[in-house]
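>>> Okay, predicted coordinates and the sequence, questions at the end:
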Amino acid sequence: MREGNRIDSESKEELAPSPDVPREPVELQVDRILASKGFVRAPSLSRLLRFAVDETLAGRGASLKEYRIGVEVFGRGESFDPRLDPVVRVQAGKLRLRLKEYYDTLGAQDPLLIEFPKGGYLPVLRKRETAVPSLETPANSTPLRARDLVRQTQRSLVWLSLLTLILLGAVYWTIWPARPTPGSLTLAQLTFDNGWTRDPVISRDAKLLVYTSDRGKSGTDDIWVQPLRNTGNPVRLTRHEASDTTPDFSPDGSKIVFRSSRNGGGIYVVPVIGGEERRIADGGFGPRFSPDGAWVVYAEAASIFVVPATGGEPRKLSLEVSNPKCPIWTPDGERLLFLAKDELEEKYDWWVTPLEFSNPARQTSPIVKTGVSGTFRRQGLPEICSATCPSDWIDNEVIFTSDGCVFRIPISLRTWKVNGPARQVLPGPDVNFPVRVWSKTGGRPSLVFATGPPRAHIWSLPIEANRGAPLAPLEQLTHDLSLRPGLGGTVGRLSADGKKLPLPRTDRAIWTSG
């Protein structure tokens, strides 16, 4: 079988990662590259880059052969023959070109270079060399006076600063959403159960966390509540055999509204301390309390309804769009932001509609198309689809997920039009919708979200060498987001002494970032 990593002995030392390039800057550089326009829609190239760099940082660069890459990166199976299937060579060639395009444009000022020389698959990691102009005076030239040299340097710095500002502005507003500032996010895991845990919401007083989980003995989805910061066991709030999901706190934190599939499906309200689960509407999905706690909005059968929080006759909104869904309240509580399809253009977008309860005849007031679809298209983000729902607000910005990553985009609270670019605030690729916003009074807004599809952790299982029998129970070794790619995922490897076997084991959890 042909060797995929054709590197002669003279070039091995040159291609090894530079010892003065630590791991963290390399990982940040990979994140920056994978978030660029050229890679966000090229998952195969992204996987190859991430795999090759991770293996190199782990000291396994010598094993980056064509066969191994074909099997582990491109899923070709153990029968993969590089002589018959050139997928690795073809993708490696594309990766080299895409990296060159990145460093010729967006990455022109990046301090760290990641290169894939021809003839191999071992990446070169090196710091960018910045040319320093010599101040020596050539023998055949007239020496510059010190004052002239200072003035010339000042003018050059002014022009360089202006050019840098212009370029940064162009990148910020038109090319691609900014990456999160390194070190600006602190992630904390809030749940550790191995069940499927999702739909998290934190009360306004930042004391309680409510979510959906199947951790109970019955294995059905129920609503659970637990203290956010203090020690305390989660409390199972609902115990019906049907599925109970998508909870939301009332503004005063006394009640929880949720969707249940019991009795044909409906919207229910239950006190936080437990008690009667009262049905306030038939059908419905994704209920949300209004900012004043008087109303609950939900989607049902390609329509949007609003019902009094105490129960009563639901009001269906008259909307001249197709398949409206995922409604959330605007910060003023007088309008709704939702996802729907334009009947003329046959494309999804976000819309804002006013609520005129004092005059029902005016409920057909013209709704506003935010224009988020066009903004996504200009930035090279994935096309708006039936799953690109708005999640929550931070002041005048809407939080949403796209391809498992978290973004924010500004919307004018006067015109309800998008008035700036989408910016990435949390990398993926396994963040679940919805992402909710919370903060203590006057505090910094934070996000709470669930991870999924399943995330990998490393577990340890001591075994008896001769019979392979376990000598002790499984022990979980990792509890954070350190595993890569994205927010999780790795492969277990036998320990050096052969006595322990770390096993990947998947679970889903709730996290907060701030």
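Received it, and whenever you're ready, just let me know what you need. Residues are numbered from 1 along each chain as shown.

>>> What is the neighbour count of Ser36?
Neighbours of Ser36 under the rule other CB atoms under 10 Å: 19. Yep, even glycine has a C-beta here, placed from its N, CA and C like the rest.

>>> I figured it was touching Asp104, is that so?
No: at 11.7 Å, Ser36 and Asp104 do not qualify as touching, with contact defined as CB atoms under 8 Å.

>>> Surely Val71 is within a helix?
Yes: judged by DSSP: H, G, I helix; E, B strand; the rest coil, Val71 forms part of a helix.

>>> check contacts around it.
Residues in contact with Val71 (CB atoms under 8 Å, 6 or more residues apart in numbering) are Gly77, Glu78, Phe80.

>>> which SS state does the second one fall under?
Right, the one you point to is Glu78. coil.

>>> Let me know the pLDDT of it.
At Glu78, the pLDDT value in this model is 82.

>>> Ends of stretch 207-219, what's the gap?
27 Å (CA to CA, to the nearest Å).

>>> tell me which residues in that stretch are buried?
Leu208, Leu209, Val210, Tyr211, Thr212, Ser213, Asp214, Arg215 (16 or more other CB atoms under 10 Å).

>>> Give me the contact list for that stretch.
Outside stretch 207-219, the residues touching it (CB under 8 Å, 6+ apart) are 190-191, 193-203, 220-229, 234, 236-237, 239, 241, 244-247, 249, 253, 256, 272, 448, 450, 510.

>>> with the contacts of Val71 in mind, which one is nearest to Ile328?
Gly77 (44.6 Å; CB to CB).

>>> From Pro308, how far out is the spatially closest residue to that closest one that is not a sequence neighbour?
Nearest residue to Gly77, sequence neighbours excluded (CB to CB, 6 or more residues apart in numbering): Val71, at 6.7 Å. Remark: distance between Val71 and Pro308 (CB to CB, to the nearest Å) = 59 Å.

>>> again with Ser402
Taking CB to CB, one finds Ser402 at 34 Å from Pro308.

>>> who's more crowded, those two?
A direct count of neighbours by other CB under 10 Å for Ser402 and Pro308 places Ser402 higher, at 22 against 15.

>>> Tell me the confidence at that one?
85.

>>> coming back round to it: for ChimeraX, what selects the buried ones among the contacts of stretch 207-219?
Here is the ChimeraX selection string for the buried members of those, based on 16+ other CB under 10 Å:
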select :190,191,195,196,197,198,199,200,201,202,203,220,221,222,223,224,225,226,228,234,236,237,244,245,246,247,249,253,256,272,448,450,510
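
>>> What's opposite the spatially most central residue of the chain in the beta bridge?
Note on the chain: the residue nearest the mean C-alpha position is Cys405, at 2.1 Å, using CA atoms, centre = their mean. When bridges are called by DSSP bridges, Cys405 pairs up with Ser402.

>>> Find me the pLDDT at it, would you?
pLDDT, Cys405: 85.

>>> Quick check: it touching Leu426?
Yes: counting by CB under 8 Å, Cys405 touches Leu426, with 6.7 Å between them.

>>> which stretches of the stretch 251-400 of the chain form strands?
Remark: strands assigned in the stretch 251-400 of the chain by DSSP state E, counting those that start in this stretch are 255-260, 266-271, 278-282, 285-289, 295-300, 303-308, 315-316, 322-329, 335-341, 348-354, 368-369, 390-394, 397-402.

>>> mean confidence score for the first one?
Per-region confidence: strand 255-260 scores 96 on mean pLDDT.

>>> Same question for the second one.
Throughout strand 266-271, pLDDT has a mean value of 96.

>>> Okay, now the sheet partners of it, with direction.
Sheet partners by DSSP bridges: for strand 266-271, these are strand 255-260 (antiparallel), strand 278-282 (antiparallel).

>>> which residues touch the last one?
Read it as strand 278-282. By CB under 8 Å, 6+ apart, strand 278-282 touches 257, 263-270, 296, 298, 305, 307-312, 314.

>>> Make a PyMOL selection of whichever of these turn out to be buried.
Per 16+ other CB under 10 Å, the buried members of the contacts of strand 278-282 correspond to this PyMOL selection:
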select buried, resi 257+265+266+267+268+269+270+296+298+305+307+309+314
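
>>> Quick check: Arg98 is in a helix.
Yes: using three-state DSSP, the assignment for Arg98 is a helix.

>>> Quick check: nearest residue in space to it, chain neighbours excluded?
That would be Gly38: by CB to CB, 6+ apart, it lies 5.0 Å from Arg98.

>>> do Val87 as well
Per CB to CB, 6+ apart, closest to Val87 is Phe74, 5.5 Å.

>>> how about that neighbour, phi and psi?
Main-chain torsions, Phe74, degrees, to the nearest 10: phi -110, psi 10.

>>> Quick check: it touching Gln91?
Yes: counting by CB under 8 Å, Phe74 sits close enough to Gln91 to count as a contact (7.2 Å).

>>> Now do the shared contacts for those two.
In contact with both Phe74 and Gln91: Ser44, using CB under 8 Å, 6+ apart.

>>> any idea how far the spatially closest residue to Val352 that is not a sequence neighbour lies from Val372?
Nearest non-adjacent residue to Val352, counting by CB to CB, 6+ apart: Trp416, 4.1 Å away. Taking CB to CB as the measure, Trp416 falls 11 Å from Val372.

>>> same check, this time on Pro123
36 Å.

>>> pLDDT weak spots in the stretch 401-514 of the chain?
Along the stretch 401-514 of the chain, segments meeting pLDDT under 70 span 428-429, 440-443, 452-460, 464-468, 474, 476-509, 511-514.

>>> where does the closest residue in space to Thr353 that isn't next to it in sequence land on pLDDT?
By the measure of CB to CB, 6+ apart, the closest residue to Thr353 outside its immediate chain neighbours is Ile367, 4.2 Å from it. With respect to pLDDT, Ile367 scores 87.

>>> Can you list the low-confidence ranges for the stretch 1-150 of the chain?
For the stretch 1-150 of the chain, applying pLDDT under 70 flags the ranges 1-21, 129-150.

>>> quick one, helices of this structure?
9-15, 23-34, 37-40, 43-57, 66-72, 87-104, 146-170, 372-379 (DSSP state H).

>>> Pull out the buried positions in the fifth one.
Within helix 66-72, the residues that count as buried by 16+ other CB under 10 Å are Glu66, Tyr67, Arg68, Ile69, Gly70, Val71.

>>> The last one now?
Within helix 372-379, the residues that qualify as buried by neighbour count (16+ other CB under 10 Å) are Val372, Ser373, Thr375, Phe376, Gln379.
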